[in-house]
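Asks: Make a model of this:
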Amino acid sequence: FISATYQRTCKIMRSIPMPSTETTERPFDIIVWGASGFTGRIVVDYMHREYGSGNLSWAVAGRNPAKLESVVGQRDIPVLTADSHDSDSLEKLVQQARVILTTVGPYARYGSELVAACAQHGTHYCDLTGESLWMREMITAHQQTAQDSGARIVHTCGFDSIPSDIGVYFLQKEMQARHGVPARHIKYRTKAFKGGFSGGTIDSMMAMMEAGQKDPTLLKQLANPYLLNDTLRGADGPDRFSPYFDEDFDAWVGPFMMAAINTRVVRRTNELLNSAYGEDFRYDEGSLTGSGAKGFLGATGIGVGSGLFAGLASLPLTRRGLQKVLPKPGEGPTPEQQENGFFEVELRAKHPIDESKNLIASVKGDRDPGYGSTAKMIAESALALAHDDLPVAGGFWTPASAMGDALLNRLPANAGVTFEIVE
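Replies: Numbers count the residues shown, from 1 in each chain. Next comes the predicted model:
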């Protein structure tokens with residue numbers, strides 16, 4: 001059903017000749033931009049370990065050649081240099097690859113020129129951003145250019161927001177295959193996590209808070225549940241931050257800090273798939289804390305903590321204090337912590353009429369979510385953009401709308417991220 005939707009959505013674009021990025025003139029399938037950063041190093045290690053002896057042609061790139069050489073070591077990986085704020089160097093860089101994989105954030109600070117260059121030169125692109133305001137800005141500024149050049153631009157290819165976006169895509173496919181209709185409402189609930197907190201994610205959140213302080217209208221935009229959609233509006237309202245008891249899970253639920261970006265991505269996917277999930281589709285996310293008084297206190301604590309963090313991060317003085325004590329970009333868990341980390345999420349899909357036909361899915365990752373699993377997810381996304389026969393042409397896409405079936409094959413097979421129906 002979703003494959004057919006792809007064909008209907010993209011039929012007009014496919015009928016227009018697109019400039020090809022699949023040429024032998026580009027020496028590399030993938031360039032890893034920001035390879036000397038914390039996450040970039042993990043991506044390089046993963047790609048070399050899993051694909052170093054195959055037919056993949058790839059390189060690393062960044063601003064500092066000495067740091068890049070330290071990452072490469074004795075491995076036979078080409079090293080390229082460019083600068084995030086030098087458009088000429090970026091344009092030369094992106095024309096050497098079919099796909100740019102970038103881990104350099106905050107993206108609003110370091111990523112705009114790179115997106116513009118990829119859109120202009122027909123180079124596919126994937127990143128790890130969770131910066132919804134910046135994503136909206138990039139879509140508005142470069143959508144037509146990317147369509148014209150054939151560049152597929154895909155944001156949020158890490159823990160933000162692949163478990164959410166691909167999880168919902170998987171569950172909707174199952175609902176359609178089993179019962180012939182899409183689910184009218186899907187709930188995403190985090191169950192268990194182990195892993196270090198991302199300094200890059202914190203830095204991105206601080207950057208958004210700083211921008212909101214300078215321009216209060218941006219905070220109103222952030223609250224828009226359909227910020228990333230162009231036209232489609234559904235049945236979802238504002239994000240929920242107070243604790244509540246969810247009878248479907250028999251547990252208390254607190255806010256999930258990534259929900260503000262994940263939910264917007266899933267809703268954009270529905271729009272890009274021509275409302276395949278339904279025009280009145282609802283989607284929300286939260287963190288399970290258990291039942292009884294302990295669960296209530298846990299959910300309340302998450303809510304209070306999230307509100308306190310947002311309040312402190314919104315003020316210049318306290319924001320600087322937080323930046324001194326919280327993990328910084330380039331800092332993260334040890335290799336052992338990454339290896340021992342994991343995540344588990346449960347999604348529940350409601351049948352539009354018959355509750356006996358509701359479905360439950362489990363999404364699991366075998367590394368810490370912020371780094372180990374994220375690095376593998378973005379690497380497989382780049383490989384899908386480079387090598388897989390995807391059903392979309394140029395433009396700004398979500399992971400599920402561009403690579404849904406490809407990632408459902410790649411992630412369980414290669415990246416330790418699984419999607420299963422709980423019978």
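
Asks: Strands of the stretch 201-350 of the chain, start to end?
Replies: Using DSSP state E, counting those that start in this stretch, the strands of the stretch 201-350 of the chain run over 244-246, 251-254, 282-290, 342-350.

Asks: mind giving me CSV with these and columns for mean pLDDT, mean neighbour count and distance to Ala116?
Replies: Placement of C-beta: from N, CA and C, glycine included. Shown next, in CSV, are the strands of the stretch 201-350 of the chain (pLDDT from 0 to 100; neighbours: other Cβ atoms under 10 Å; distance: least, Cβ to Cβ, whole Å):
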stretch, mean pLDDT, mean neighbour count, distance to Ala116
strand 244-246, 96, 14, 42
strand 251-254, 97, 24, 39
strand 282-290, 97, 22, 31
strand 342-350, 97, 21, 33
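
Asks: Can you say which of these is nearest to Pro216?
Replies: When the strands of the stretch 201-350 of the chain are compared by Cβ to Cβ, strand 282-290 sits nearest Pro216, at 25.6 Å.

Asks: CA atoms only: put that closest one into CSV for me.
Replies: Extracted in CSV, the C-alpha atoms of strand 282-290 (Å, rounded to 0.1, in the frame of the first residue of the first chain):
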residue,chain,number,x,y,z
ARG,A,282,-2.7,10.9,15.3
TYR,A,283,0.8,10.3,16.7
ASP,A,284,2.3,11.0,20.1
GLU,A,285,5.4,10.0,22.1
GLY,A,286,6.1,9.6,25.8
SER,A,287,8.3,7.8,28.4
LEU,A,288,6.8,4.8,30.4
THR,A,289,7.6,5.0,34.1
GLY,A,290,5.5,2.2,35.5
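
Asks: so how far is that strand off the chain centroid?
Replies: Distance of strand 282-290 from the chain centroid (Cα atoms, centre = their mean, to the nearest Å) equals 18 Å.

Asks: List the strands paired with that strand, with their directions.
Replies: Using DSSP bridges, strand 282-290 pairs in its sheet with strand 185-194 (parallel), strand 251-254 (antiparallel).

Asks: who wins for proximity to Ser306 among the strands of the stretch 201-350 of the chain?
Replies: Ser306 sits nearest to strand 251-254 of all those, at 7.9 Å, using Cβ to Cβ.

Asks: Give me the contacts around the closest one.
Replies: Applying Cβ atoms under 8 Å, 6 or more residues apart in numbering, the external contacts of strand 251-254 come out as 189, 243-246, 286-291, 295-296, 298-303, 306.

Asks: mind checking the SS state of Gln176?
Replies: helix (DSSP: H, G, I helix; E, B strand; the rest coil).

Asks: Tell me how many other residues crowd it.
Replies: Gln176 is flanked by 16 other residues according to other Cβ atoms under 10 Å.

Asks: Check Asp83 too.
Replies: By the other Cβ under 10 Å criterion, the neighbourhood of Asp83 contains 15 residues.

Asks: so is the residue positioned nearest the centre of the chain in a helix, a strand, or just coil?
Replies: With distances taken as Cα atoms, centre = their mean, the residue of the chain nearest its centroid is Thr156 (2.0 Å). Classification of Thr156 by three-state DSSP places it in coil.

Asks: For this protein, give me the ranges with low pLDDT.
Replies: Judged by pLDDT under 70, the chain has its weakly predicted residues at 1-24, 196-201, 213, 314, 329-330.

Asks: go with 80
Replies: For the chain, applying pLDDT under 80 flags the ranges 1-24, 195-216, 219, 307, 309-317, 319-334.

Asks: Please state the offset of the top helix by length along it from the chain centre?
Replies: Using DSSP state H to define each element, the chain has its longest helix at helix 292-313. Chain-centre distance of helix 292-313: 25 Å, with Cα atoms, centre = their mean.

Asks: by contact count, what packs against it?
Replies: Packing partners of helix 292-313 (3 or more Cβ pairs under 8 Å, 6 or more residues apart in numbering; DSSP states H and E): helix 199-214, strand 251-254, strand 282-290, helix 316-325.

Asks: Pull out the buried positions in that helix.
Replies: Burial within helix 292-313, assessed by neighbour count using 16 or more other Cβ atoms under 10 Å, is assigned to Gly295, Phe296, Gly298, Ala299, Ile302, Gly303, Ser306, Phe309, Ala313.

Asks: relative to strand 282-290, how tilted is it?
Replies: Comparing the axes of helix 292-313 and strand 282-290 via axes from the mean of the first three to the mean of the last three Cα atoms, to 10 degrees yields an angle of 120 degrees.

Asks: Contacts for helix 292-313, please.
Replies: Helix 292-313 has contacts (Cβ under 8 Å, 6+ apart) with 205-206, 209, 241-245, 251-255, 257, 287, 289-290, 318-319, 321-322.

Asks: can you rerun that using 10 Å?
Replies: Helix 292-313 has contacts (Cβ atoms under 10 Å, 6 or more residues apart in numbering) with 202, 205-206, 208-210, 212-213, 240-246, 250-257, 286-290, 318-319, 321-323, 326.

Asks: now the angle between helix 316-325 and it, please.
Replies: Angle, helix 292-313 to helix 316-325, by the same axes, to 10 degrees: 110 degrees.

Asks: for the helix or strand harbouring Leu408, which positions count as buried?
Replies: Element membership for Leu408 (DSSP states H and E) is helix 399-410. Neighbour-count burial for helix 399-410, counted by 16+ other Cβ under 10 Å, picks out Pro399, Ala400, Ser401, Ala402, Met403, Gly404, Asp405, Ala406, Leu407, Leu408, Arg410.

Asks: swap in stretch 206-214?
Replies: Under 16+ other Cβ under 10 Å, the buried positions of stretch 206-214 are Met206, Ala207, Met208, Met209, Ala211, Gly212.

Asks: Please compute how far it lies from its chain's middle.
Replies: Mean-position distance between stretch 206-214 and its chain equals 21 Å (Cα atoms, centre = their mean).

Asks: Include distance to Gly54 when you put the strands of the stretch 201-350 of the chain into JSON lines, please.
Replies: Below are these laid out as JSON lines (distance: least, Cβ to Cβ, whole Å):
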{"stretch": "strand 244-246", "distance to Gly54": "45"}
{"stretch": "strand 251-254", "distance to Gly54": "44"}
{"stretch": "strand 282-290", "distance to Gly54": "36"}
{"stretch": "strand 342-350", "distance to Gly54": "27"}
